[in-house]
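S.K.: Sharing a model prediction with you, sequence too.
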Amino acid sequence: MDSLPIISLEKLKQIDLSGGNGKNPENQHLYNVCLEHGFFYLKDHGISTELIRETMAASRNFFELPEEVKKQYGQDKQTVYPNTSRGYVPLYGETLHQTTGPDMKEIFDLGVERPTSDLPFTGQTLMPDDTVAPNFASSHYQLQREVLTKIVPHLLRGLAIALDCPPDWFDPYFDKLVAIHRTIYYPPEGGIAGKHTDNGIFTVLFQEYFPTPSLRVYTKDNWIDAMCLEDAAIVNLGDMLQLWTNHLFVSTPHEVLHNLNQSRISIPFFIYPNVNAVFQPIGTSQTINPTDIMLKNYNSIWVKKTGGGRALELK
Ligand SMILES: O=C(O)CCC(=O)C(=O)O
Ligand SMILES: [Fe+2]
């Protein structure tokens with residue numbers, strides 16, 4: 001196995017409720033892929049290549065601004081709690097794996113814009129306007145709207161059906177979902193994201209197209225390259241879905257080693273349930289509040305600097 005499986009969102013959306021819970025062959029495929037890899041390409045997702053390219057170009061233009069301009073949107077200027085969930089982070093700001101140390105990359109984190117609130121991960125991001133970073137905010141929020149309407153609900157339904165649950169089984173947990181929406185800039189020759197797992201339910205990732213890949217995935221006891229497939233997003237399962245499914249599905253370790261002579265942009269969307277949701281891992285009587293898990297993960301990345309997700313388990 002040296003390439004990752006491909007799931008068609010269009011096929012997943014063809015739910016036939018006449019004979020049971022709507023499971024179709026693509027759901028069965030999704031189930032097997034989630035058991036075995038937890039990492040796959042998502043094609044037929046309905047988001048235009050132009051919008052993705054435009055958002056990447058606007059991101060690159062932002063990251064090429066002088067440092068003192070970018071720092072005006074730093075985490076210390078953000079009002080959402082925790083402020084490490086929003087805004088600009090310079091090179092070597094984030095540690096995803098303790099042994100690798102601080103990552104050589106810059107990031108900007110956005111969220112779903114909701115009225116300011118005391119609830120964690122809820123509120124407005126301080127963003128550069130068009131005079132500072134043309135099209136940065138507008139393209140990102142357009143892409144976010146499309147990810148949250150065209151991909152996330154259908155993937156949640158596909159996963160529910162794959163798990164032999166009714167299609168709308170996850171829906172009440174996600175009607176005010178939390179999304180950490182990030183854009184990353186890896187400088188040429190040495191950009192890095194240390195080994196980690198993502199902490200949420202799943203991540204929808206758009207990576208810039210290069211013939212030589214920089215993203216690597218640990219699956220079936222091997223590190224393999226995640227080649228760039230034009231027009232396909234990547235989806236990887238996170239720790240929270242692993243926990244929810246009582247370790248049936250796996251959150252997959254991955255890392256970025258970017259050695260090309262050009263910079264690389266990627267745009268992941270980390271999807272979490274509603275802030276005040278409570279879920280029970282399948283087959284247990286435990287109750288889990290996803291926000292507690294998120295806050296613990298933020299503490300481990302930004303305060304203790306011991307890494308992201310299950311990074312401590314990864315050598
Ligand atoms: O840049 C990438 O391709 C992946 C980034 C990533 O894994 C993350 O930010 O969690
Ligand atoms: Fe990741």
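M.R.: Okay, I see it. No experiment lies behind these values; they were computed from the predicted model shown. Ligands and ions are numbered 1, 2, ... in the order given.
S.K.: and the residue of the stretch 101-250 of the chain at minimum distance from ligand 1, what does it touch?
M.R.: Using CB to the nearest ligand atom, Leu215 is the residue of the stretch 101-250 of the chain that sits closest to ligand 1, at 4.2 Å. C-beta here means a position set from N, CA and C on the backbone, and glycine is covered the same way. Residues near Leu215 by CB atoms under 8 Å, 6 or more residues apart in numbering: 207, 225-226, 234, 254-256, 266.
S.K.: Am I right that Asn297 falls within a helix?
M.R.: Yes - using DSSP: H, G, I helix; E, B strand; the rest coil, the assignment for Asn297 is a helix.
S.K.: for it, what are its contacts?
M.R.: Taking CB under 8 Å, 6+ apart, we find Asn297 in contact with 199, 239, 308-309.
S.K.: Contacts for stretch 38-53, please.
M.R.: Contacts for stretch 38-53 (CB under 8 Å, 6+ apart): 4-11, 30, 33, 139, 142-143, 146-147, 150-151, 155, 204, 206, 217, 219, 226, 229-237, 242, 249-252, 254, 267.
S.K.: which ones among those residues come in contact with ligand 1?
M.R.: Among the contacts of stretch 38-53, the residues within reach of ligand 1 (CB under 6 Å from any ligand atom) are His254.
S.K.: ok so, going back, list just the nearest of the contacts of Asn297 to Asp168.
M.R.: For the contacts of Asn297, the residue nearest Asp168 by CB to CB is Asp239; the value is 23.9 Å.
S.K.: how close does that closest one sit to Leu126?
M.R.: 29 Å (CB to CB, to the nearest Å).
S.K.: Quick check: pLDDT value at the residue in the chain that ligand 1 sits nearest to.
M.R.: With CB to the nearest ligand atom as the measure, Ser266 is the residue of the chain nearest to ligand 1, at 3.3 Å. For Ser266, the model assigns a pLDDT of 98.
S.K.: Can you give me the neighbour number for the closest residue to Pro166 other than its chain neighbours?
M.R.: Nearest non-adjacent residue to Pro166, counting by CB to CB, 6 or more residues apart in numbering: Asn21, 5.9 Å away. Here the number of neighbours of Asn21 (other CB atoms under 10 Å) works out to 17.
S.K.: Asn21 touches Cys165, doesn't it?
M.R.: Yes - Asn21 is in contact with Cys165 according to CB atoms under 8 Å; the separation is 7.1 Å.
S.K.: before we move on, the earlier item: farthest-apart pair in the contacts of Asn297, please.
M.R.: Greatest spatial distance among those (CB to CB): Asp239 and Gly308, at 9.5 Å.
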